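Visitor: Below is the sequence, then the predicted model.
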Amino acid sequence: MHSFQATQFSAVEPGRRLLVTGAVHGNEVCGTQAIRRLIAEFERDERRLLRGCVTFVPICNPLAYQKQQRNGDRNLNRRLRPTNEPKEFEDHVANWLCPLMARHEILLDLHSFQANGKPFVMVGPENNDGPLQPVRQADEEVAWAKVLGVQRGVDGWLDTYAGGVAQRRSRFAGREVGSSVDLDEQYGVGSTEYMRSTGGMALTLECGQHQDTEAPEVAYQAIVNTLTHFGLIDGAVPAVHSMAGLRLHHVEDKHHVDDDFVKPWVSFDRVAEGELIGHRASGEAVHAPVAGCIVFPNSKAQAGQEWFYLARDIERFR
Ligand SMILES: [Zn+2]
């Protein structure tokens, strides 16, 4: 069985408690590289922690990392929560990682993605006391997101995921479905959603394509900017970027593994209202219900899993 590694630096002066995580998905290693670079800088005394503490977890999912795959036994970033009856390896990760998150106030979670595209940050919802994801620190979270160094912010994840699960439930009503089909809206809860549920702030930074040689640099700058922004280290106040904003509002599942796109869409491709996106295996055309952008198109999705998301423009990050 693999073991888990966290490296913590604590200052004498009180301050914010920051957690930085990499390789929640085992084939997303830009965060791992950037975190190890920062740990080495602190160890060599090239950086000094002024106040608070920072905890680095270079590899959240060591089984998936060893396999060089997204998942070990399953996706760590779905229905993340501690369990009394761990079965899959990710249950053991959750039982270690969730209490660690709860001891911190701020989580920066570093990822990369499959299709080509520019880095972006996933932000939590606006302040609300609703049932799905109540938050009170949205303004502070957005202010932090704007210093990471990326040009685009995306929100609406958990709402859209829950909406997709509801569609799925009605499509499969009364029928037996395999365990690969997620019918629980809590399946949308990953690291950042869990962190917010403990009262903390959290951002997922998507640093670039998995193989992009710039992605570790994007991750490294984001960590440094976060440490500076919250006063944990000395340094120039990072530049505030006005970001283009997108809100996810719709997710479309594959119904059959052979459902097919009309072209190799990449994230943030524009679509017009009614534009043809793909065809079902049955031949039925799938059109964009409203104008906006395609996000996370996944031509390799299985039947009953997310095929693509749609998002609309928002002004939240200007
Ligand atoms: Zn990821």
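Guide: Okay, I see it.
Visitor: Give the rounded mean pLDDT of stretch 205-213.
Guide: Mean pLDDT, computed over stretch 205-213, is 96.
Visitor: Give me the buried positions along that stretch.
Guide: Across stretch 205-213, burial judged by 16 or more other C-beta atoms under 10 Å covers 205-210, 212. For the C-beta atoms, the positions are set from N, CA and C on the backbone; glycine is no exception.
Visitor: can you check stretch 80-94 too?
Guide: So, applying 16+ other C-beta under 10 Å, buried residues of stretch 80-94: 80, 89-94.
Visitor: same check, this time on stretch 14-23
Guide: 15-23.
Visitor: swap in stretch 297-305?
Guide: Under 16+ other C-beta under 10 Å, the buried positions of stretch 297-305 are 297-298, 301, 303-305.
Visitor: contacts with the ion among the residues you listed, please.
Guide: Among the buried residues of stretch 297-305, not one lies near the ion by C-beta under 5 Å from the ion.
Visitor: Looking at those residues, which is nearest the ion?
Guide: Asn298 (12.4 Å; C-beta to the ion).
Visitor: pretty sure that closest one is touching Phe308, no?
Guide: Yes: contact status for Asn298 versus Phe308: in contact at 6.8 Å, counting by C-beta atoms under 8 Å.
Visitor: re earlier: taking the buried residues of stretch 80-94 one by one, which sit in helices?
Guide: Counting by DSSP state H, those place 89-94 in helices.
Visitor: in the sheet, who's paired with the residue most central in space within the chain?
Guide: Centroid-nearest residue in the chain: Thr204, 4.0 Å away (criterion: C-alpha atoms, centre = their mean). Using DSSP bridges, the beta-bridge partners of Thr204 come out as Asp109, Met122.
Visitor: residue contacts, it?
Guide: 109, 111, 121-122, 190-192 (C-beta atoms under 8 Å, 6 or more residues apart in numbering).
Visitor: again, but for Arg79
Guide: By C-beta under 8 Å, 6+ apart, Arg79 lies in contact with 184, 186-187, 189.
Visitor: Going by distance to Asp259, which of those residues wins?
Guide: When the contacts of Arg79 are ranked by distance to Asp259 (C-beta to C-beta), Tyr187 comes first, at 20.7 Å.
Visitor: What is the burial count for the closest one?
Guide: 18 (other C-beta atoms under 10 Å).
Visitor: do Phe56 as well
Guide: Phe56 has 23 neighbours, counted by other C-beta under 10 Å.
Visitor: Mind giving me the packing neighbours of the helix or strand hosting it?
Guide: Assigned by DSSP states H and E, Phe56 falls within strand 51-57. When contacts are defined as 3 or more C-beta pairs under 8 Å, 6 or more residues apart in numbering; DSSP states H and E, strand 51-57 sits against strand 7-10, strand 13-21, helix 30-43, helix 89-102.
Visitor: Report the distance from that strand to the chain centre.
Guide: Put simply, strand 51-57 sits 20 Å off its chain's centre (C-alpha atoms, centre = their mean, to the nearest Å).
Visitor: Could you list the residues in contact with that strand?
Guide: Contacts of strand 51-57 (C-beta under 8 Å, 6+ apart): 4-11, 13-22, 35, 38-39, 97, 100, 104, 227, 230-232.
Visitor: do that again at 6 Å, thanks
Guide: Outside strand 51-57, the residues that touch it by C-beta atoms under 6 Å, 6 or more residues apart in numbering are 6-11, 13, 15-21, 35, 39, 232.
Visitor: swap in stretch 252-270?
Guide: Where contact means C-beta under 6 Å, 6+ apart, the residues beyond stretch 252-270 that reach it are 115-117, 276, 278-281, 293-295, 297, 299, 301-303, 307-308.
Visitor: could you redo the last one with a cut-off of 7 Å?
Guide: Applying C-beta atoms under 7 Å, 6 or more residues apart in numbering, the contact partners of stretch 252-270 are 115-117, 164, 168, 276-281, 286, 293-297, 299, 301-308.
Visitor: How is the residue in the stretch 101-250 of the chain positioned nearest to the ion assigned, secondary-structure-wise?
Guide: Relative to the ion, the nearest point of the stretch 101-250 of the chain is His111 (3.4 Å; C-beta to the ion). Taking DSSP: H, G, I helix; E, B strand; the rest coil as the rule, one finds His111 in the strand state.
Visitor: Enumerate every residue touching it.
Guide: By C-beta under 7 Å, 6+ apart, the neighbours of His111 are 24-25, 28, 31, 204-207.
Visitor: same thing with Leu110?
Guide: 21-22, 30-31, 34, 205, 207, 219.
Visitor: Now it: closest residue in space, sequence neighbours ignored.
Guide: Using C-beta to C-beta, 6 or more residues apart in numbering and skipping the chain neighbours, the partner closest in space to Leu110 is Gly31 (2.7 Å).
Visitor: so where do the strands sit in the protein?
Guide: 7-10, 13-21, 51-57, 106-113, 120-122, 152-155, 201-209, 244-253, 260-261, 270-271, 276-279, 285-287, 292-295, 306-314 (DSSP state E).
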